[in-house]
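In: take a look and give me a structure for this.
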Amino acid sequence: MNLYKIEKPDLSIISIERKAFLNENKYKLYFKYNLAKYSNEKYLYRDKIKFQTLPEELENHEELWYTISNSRILFPLKVLDSNFKFFWLEKPKFLEELFHKLDLSLWWTFLWTQFNDTERKVFLQNGITEEAISTSQLEWAMTSSKDARNMIHRWIKPITKDEKMILNSYKAMLFINDEEFLKQNLKLSTLLELHSILTKDTLEKKEQEWRFRKNSDEIVIQNSTWTEVYHIPPKEEFMLQQLENLISYANDEDSTFTHPFIKATILHFWIWYLHPFCDWNWRTARALFYWYLLKKWYWGFSYIPISSMILNSKIQYRDAYIYSEQDKNDLTYFLVYIANKTKQAFVEFEKYIHKKRKEQVGIIKFVSKLWLNERQTKLISYFIKNPESYTNNSIHKNYYWIAIDTAKRDLEDLLKKWFLTKKKQWKYVNYFPVNNLNDLIN
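Out: The predicted structure is shown next:
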């Protein structure tokens, strides 16, 4: 089994005289040829730089890489590798605009002023559900998204390991969204509890639950064919020592301010690097990313399933880790990747909000005359697009996070107004849309 290694530049082809020239003129070259574009939203490594247009004053692409890499201004982090060397970080320019948008749009005030209570509950339910599904599918859970949503919203008992993974992830998202939990400092025991929620009844060995990995577990990160190793986690002693530092960092015990998004991303990477558990470290890392941002009042992240964006770029996700470890501990690769996926997720969320509001305009004009509440209006809208679906008191209650009596009143009222029919199926009384629902609305 071979250790996967990124392509290293051959800087020996650059003469001493040329290196002296490049060192003396690196910033002049950097700005003259706008080389900053390779260290911004696209934070490129040498394997991509070699395909870029070569500036006329440079003789080869090794000189181009030498100039770019030496012009990157990196700052040390508290994160250490197994050789006790620091990881480093740069803040690309595009992050300033992104952070400004996140601060304005994903902090709690935006959600409270832009959405009513029912909308917030629906968006939150959808966001948590999608994140739970996507983060599990990243770990090769094979259940379809549609079936997974049905399982969660209808509280169907999971049968397969894949279904259990998704339901566990959903419960973990609820766990980290709990306001009382967010008031507490992170502890090693809390980290174990979070991991145990994510992995319940899914680990190959029962004894791997509720503990950190040991050297004897011989954990490595490898490809699906077990032919290449991407990462060898540090030894148990180092891992446990650094976990204490991670806990301290997560609890803001250092005096230096770091933007919450950057700090959450560092925690995400740190868990991956240490790989403190026998399995499901990646999901734990993503959960901790969410936990820190929610703790810092970025409630909007509950609504945005970033793993949905990562799911479509698994290779780049993996490479962002590998580049950060193998290119001089430059964690900026990982930061830029997560920032771009967050930006993409935010754009998709805005489109989703716009689409949902547009869909509601016509139906609201009609149902407002019948004195239906927002939950009932949204349910009618859903049934128009999904005429084969159904609901019941429990589903309605869990989806809108309301009391069971309120759920019963909602559905019985729609039944009396002839929008729904009901039928007893096994132990449930299920409600179905009437056959001519679309005609009634139109």
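
In: for residue 88, helix, strand, or coil?
Out: For residue 88, the assignment made with DSSP: H, G, I helix; E, B strand; the rest coil gives strand.

In: tell me how far it lies from residue 331.
Out: Distance, residue 88 to residue 331, by CB to CB, to the nearest Å: 7 Å. In short, each C-beta sits where N, CA and C put it, glycine included.

In: cool, and residue 154?
Out: Relative to residue 331, residue 154 is positioned 42 Å away (CB to CB).

In: past the helix or strand residue 334 falls within, which element shows up next along the chain?
Out: Using DSSP states H and E, residue 334 sits in helix 332-367. Downstream of helix 332-367, the next assigned helix or strand under DSSP H and E is helix 374-385.

In: buried stuff in that next one?
Out: Buried residues in helix 374-385, counting neighbours by 16 or more other CB atoms under 10 Å, are found at 374-381, 383-384.

In: how far does the following helix or strand past that helix sit from its chain's centre?
Out: As assigned by DSSP H and E, the chain's next helix or strand after helix 374-385 is helix 393-400. Averaging C-alpha positions (CA atoms, centre = their mean, to the nearest Å) puts helix 393-400 26 Å from its chain's average.

In: which secondary structure elements does helix 393-400 contact?
Out: Packing contacts for helix 393-400, counted by 3 or more CB pairs under 8 Å, 6 or more residues apart in numbering; DSSP states H and E, involve helix 117-137, helix 145-153, helix 374-385, helix 404-416.

In: for residue 95, find the nearest of those.
Out: When the helices and strands packed on helix 393-400 are compared by CB to CB, helix 117-137 sits nearest residue 95, at 22.5 Å.

In: okay, the helices and strands packed on helix 393-400 in CSV with mean pLDDT next?
Out: Shown next, in CSV, are the helices and strands packed on helix 393-400 (pLDDT from 0 to 100):
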stretch, mean pLDDT
helix 117-137, 81
helix 145-153, 83
helix 374-385, 86
helix 404-416, 93
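
In: to residue 178, which of those helices lies closest?
Out: helix 117-137 (11.8 Å).

In: residue ranges with poor pLDDT in the stretch 101-250 of the chain?
Out: 106-116 (pLDDT under 70).

In: repeat that with 50
Out: Residue ranges of the stretch 101-250 of the chain with pLDDT under 50: 108.

In: strands of that one, start to end?
Out: Counting by DSSP state E, counting those that start in this stretch, the stretch 101-250 of the chain has strands at residues 221-222, 228-231.

In: nearest to residue 120, out of those strands?
Out: When the strands of the stretch 101-250 of the chain are ranked by proximity to residue 120 (CB to CB), strand 221-222 comes first, at 37.8 Å.

In: which non-adjacent residue is nearest residue 317?
Out: In this structure, residue 317 finds its nearest non-sequential neighbour in residue 310, 5.1 Å apart by CB to CB, 6 or more residues apart in numbering.

In: contacts for the strand or helix carrying that neighbour?
Out: Using DSSP H and E, residue 310 maps to helix 306-311. Outside of helix 306-311, the residues that reach it under the criterion CB atoms under 8 Å, 6 or more residues apart in numbering are 130-131, 134-135, 137-138, 286, 317, 338, 341-342, 344-345, 348.

In: what does stretch 333-346 give?
Out: Contacts to stretch 333-346, defined as CB under 8 Å, 6+ apart, come from residues 41-43, 45, 89, 92, 94-95, 98, 101-102, 105-106, 261-262, 265-266, 268-269, 289, 304-306, 308-310, 313, 316-317, 319-321, 323-324, 327.

In: which entries within these meet the buried criterion?
Out: Listed as buried from the contacts of stretch 333-346 are 43, 45, 89, 92, 94-95, 98, 102, 105-106, 261-262, 265-266, 268-269, 289, 304-306, 308-310, 317, 319-321, 323-324, 327; burial here means 16+ other CB under 10 Å.

In: give me the subset of these that lies in helices.
Out: Using DSSP state H, the subset of these located in helices is 94-95, 98, 102, 105, 261-262, 265-266, 268-269, 289, 306, 308-310, 317, 319-321, 323-324.

In: buried residues, stretch 274-288. List them.
Out: 274-288.

In: residue 186 contacts residue 252, doesn't it?
Out: No - counting by CB atoms under 8 Å, residue 186 stays clear of residue 252, with 10.0 Å between them.

In: neighbour count winner among the two?
Out: residue 186 (20 against 16; other CB atoms under 10 Å).
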